[in-house]
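Student: sequence unknown, structure follows:
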């Protein structure tokens with residue numbers, strides 16, 4: 001379903017019956033819309049189709065408007081040879097040139113296989129319609145190589161890419177639902193990196209008290225809760241657009257508005273893996289923070305994590321490298337950044353979740369915040385190994401009273417203010433109003449060397 005007041009202007013670029021390019025206008029925004037595979041069945045796309053996509057991406061880049069691509073392709077026809085490689089290589093190069101300058105959104109309607117599938121990895125957002133699938137190597141090739149039979153859905157279905165690979169930012173129930181998600185993204189996002197953050201008329205007052213919000217956090221230090229319920233109270237009209245919600249569910253990334261200002265939200269999710277950070281969560285958070293920074297979206301971070309998830313497998317797979325991605329993303333972000341510590345914030349996870357040392361602009365803490373190297377139980381096990389159970393309980397209580405509170409951090413400048421939880425929306429709104437004029441001068445260099 002297209003939004004109201006939508007108009008289309010077709011762009012003639014190269015000869016290709018399988019690919020259609022439009023300039024779409026609605027409300028006060030425009031974007032380049034590409035449909036690759038215009039029939040009901042997936043199309044084998046040629047080199048000309050790739051070149052047409054490249055031309056569309058170039059047009060979007062020159063006009064500084066988003067690129068939206070609907071993809072339904074079975075890959076290149078075998079007889080096309082190097083011509084197809086040239087076309088799709090050109091498309092990949094031009095889409096890469098758009099990165100960080102204009103938003104790129106791809107939608108898989110049925111299939112995206114082989115070369116076209118790789119283009120999805122270059123997009124900012126990927127929407128997959130339910131029952132669609134995408135992969136580089138198909139079931140037959142996988143079976144020949146591994147000896148294990150596998151079907152399309154198990155290999156690269158929308159659900160697998162939403163839960164396992166993190167490729168799918170959203171899974172839509174239908175093509176109409178996918179178009180609605182795209183319209184929502186276009187509505188929330190600036191047209192380009194040179195545009196100001198979106199300002200949306202809002203009837204939700206910025207000085208709204210969040211009555212009873214502290215009751216969302218259980219009294220037990222190990223109790224879980226859904227951080228999305230807390231976020232929805234803070235943002236305008238309780239509306240959030242969660243991204244990659246089924247992948248790395250121990251961290252939440254979302255778009256929303258606060259006092260009409262479009263913002264990016266990052267939050268630990270105690271409901272999953274106790275909110276610990278693992279490899280996937282670090283990658284998910286880092287990618288989103290980098291996106292927000294590229295497109296001038298202020299970042300609001302909600303912290304409640306006991307640390308990095310322990311495990312031999314995680315360490316062998318590169319927990320150090322991938323955990324550094326999140327720290328690197330925050331440290332290099334120049335947009336307004338507000339960090340709210342809700343409960344636990346321990347050790348290395350405290351550092352990478354936009355701590356004051358990472359350069360946040362406003363560090364807020366609830367009275368329930370616990371900012372320390374580790375929790376009381378772990379600290380006492382290290383410091384007082386010979387203590388009996390009764391002694392450990394007393395020592396843990398003393399440790400909690402002396403160190404597990406936000407006031408020590410505030411004394412040392414790691415926390416700017418400790419607030420009543422009911423004032424969270426008020427303080428964030430006020431902070432955003434003040435910080436939107438923030439400008440940072442970047443050090444001159446060709447580019448940074450992101451830990452991948």
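Tutor: That came in fine, so what should we check first? Here the structure is a predicted model, which means the values were calculated and not measured.
Student: what about residue 165, neighbour count?
Tutor: Residue 165 has 14 neighbouring residues, counting by other CB atoms under 10 Å. Quick note: C-beta positions are derived from backbone N, CA and C, even for glycine.
Student: tell me the spacing between it and residue 418.
Tutor: From residue 165 across to residue 418, the span is 40 Å (CB to CB, to the nearest Å).
Student: wait, residue 242 sits on residue 254?
Tutor: Yes - contact between residue 242 and residue 254 holds when scored by CB atoms under 8 Å: they sit 4.5 Å apart.
Student: which of those two has more neighbours?
Tutor: residue 254 (22 against 16).
Student: could you look up the SS state of the more buried one?
Tutor: strand (DSSP: H, G, I helix; E, B strand; the rest coil).
Student: residues touching it, list them.
Tutor: 228, 231, 240, 241, 242, 243, 264, 265 (CB atoms under 8 Å, 6 or more residues apart in numbering).
Student: okay, the first one: pLDDT?
Tutor: Pointing back at residue 228 there. According to the prediction, residue 228 has pLDDT 97.
Student: SS state for it?
Tutor: helix.
Student: and the gap between it and residue 271?
Tutor: 9 Å.
Student: for the second one, same thing?
Tutor: Look at residue 231 and residue 271: by CB to CB, they are 12 Å apart.
Student: of those two, which one has the most company?
Tutor: residue 231 (19 against 16).
Student: does the more buried one touch residue 269 like I think?
Tutor: No - when contacts are counted by CB under 8 Å, residue 231 is not listed as touching residue 269 (10.1 Å).
Student: overlap in contacts, these two.
Tutor: The contact lists of residue 231 and residue 269 share residue 252, where a contact means CB under 8 Å, 6+ apart.
Student: just the element for the residue most central in space within the chain, please.
Tutor: Centroid-nearest residue in the chain: residue 288, 3.4 Å away (criterion: CA atoms, centre = their mean). Element membership of residue 288 [criterion: DSSP states H and E] is helix 279-294.
Student: now do that helix: everything it contacts.
Tutor: Looking at what lies outside helix 279-294 - CB under 8 Å, 6+ apart - the contacts are 99-101, 124, 166, 193, 243-244, 247-248, 250-251, 253, 264, 266, 277, 297-299, 314, 317-319, 322-323, 325-326, 328-330, 332-335, 352.
Student: buried ones among those residues?
Tutor: Burial by neighbour count, 16 or more other CB atoms under 10 Å: within these this picks out 99-100, 124, 166, 243-244, 247-248, 250-251, 253, 264, 266, 277, 297-299, 314, 319, 322-323, 325-326, 328-330, 333, 335, 352.
Student: from the chain's centre, how far out does the helix holding residue 288 sit?
Tutor: Distance of helix 279-294 from its chain centroid, counting by CA atoms, centre = their mean, to the nearest Å, is 6 Å.
Student: with stretch 266-284 instead?
Tutor: On CA atoms, centre = their mean, the centre of stretch 266-284 falls 12 Å from that of its chain.
Student: and it, end to end?
Tutor: 10 Å (CA to CA, to the nearest Å).
Student: same deal with stretch 297-308?
Tutor: OK, stretch 297-308 end separation, CA to CA: 27 Å.
Student: list the buried ones in it?
Tutor: 297, 298, 299, 300, 301, 302, 303, 304, 305, 306, 307, 308.
Student: then stretch 404-417?
Tutor: Applying 16+ other CB under 10 Å to stretch 404-417 flags 404, 405, 406, 409, 410, 414, 415, 416 as buried.
Student: stretch 147-157 now?
Tutor: 152, 155, 156, 157.
Student: pLDDT of that stretch, averaged?
Tutor: 93.
Student: could you do stretch 106-114 as well?
Tutor: 92.
Student: from the chain's centroid, how far away is that stretch?
Tutor: With CA atoms, centre = their mean, you get 21 Å for stretch 106-114.
Student: next one: stretch 68-85
Tutor: 29 Å.
Student: please apply the same query to stretch 408-423.
Tutor: With CA atoms, centre = their mean, you get 27 Å for stretch 408-423.
Student: could you do stretch 175-189 as well?
Tutor: 16 Å.
Student: give me the contacts around that stretch.
Tutor: By CB under 8 Å, 6+ apart, stretch 175-189 touches 1-3, 26-27, 29, 31, 66, 68, 103, 105, 107, 109, 125, 127, 129, 170, 172, 198, 200, 241, 255, 257, 262, 295, 297.
Student: just give me the neighbour total for residue 284.
Tutor: 25.
Student: and if you look at residue 82?
Tutor: Residue 82 has 9 nearby residues by other CB under 10 Å.
Student: how about the contacts made by it?
Tutor: With CB under 8 Å, 6+ apart, residue 82 has no contacts at all.
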